[in-house]
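Colleague: sequence first, then the predicted structure:
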Amino acid sequence: MAHHPAALYNDTHQARTAPPTSYESLLGDSIERAFAAGIHDLPGLVQYLNTAGPSGPNGQPWTSESYQHEMARLAAA
């Protein structure tokens, strides 16, 4: 069965159960700016977040481990 590409449209927010929090929006914006600046590796992204913000969970500096844990937590929410 063939599908028309327009029928496969994926609404960006279709899996969300609630609007993003301010923290989630700030974090997403900062990650997008890092990618736009050519940063595509985890150590570089962590360094960028520690410079540009927002702070990591509980106001702590980001580490590779805290970033991975926070992304998993946000994905499960």
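Modeller: Received, thanks.

Colleague: now what about the helix of greatest length in the chain, what contacts it?
Modeller: Taking DSSP state H as the criterion, the chain has its longest helix at helix 22-36. Helix 22-36 has contacts (CB atoms under 8 Å, 6 or more residues apart in numbering) with P20, G44, L45, Y48, L49, A52, G53, P54, L74. Just so you know, the C-beta spots here come from the backbone N, C-alpha and C atoms, and that holds for glycine as well.

Colleague: buried subset of these, written for ChimeraX?
Modeller: Listed next is the ChimeraX selection for buried residues among the contacts of helix 22-36, using 16 or more other CB atoms under 10 Å:
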select :45,48,49
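
Colleague: circling back to that earlier point, just checking, next helix/strand downstream of the longest helix of the chain?
Modeller: With elements assigned by DSSP states H and E, the helix or strand that comes after helix 22-36 is helix 42-52.

Colleague: out of the contacts of helix 22-36, which comes closest to S64?
Modeller: Nearest to S64 among the contacts of helix 22-36 is L45, at 8.9 Å by CB to CB.

Colleague: what about the closest one, distance to G28?
Modeller: According to CB to CB, to the nearest Å, L45 stands 13 Å off from G28.

Colleague: do the same with P19
Modeller: From P19 to G28 the distance is 12 Å (CB to CB).

Colleague: between those two, tell me which one has more neighbours.
Modeller: Taking neighbours as other CB atoms under 10 Å, P19 and G28 compare with G28 leading, 12 against 8.
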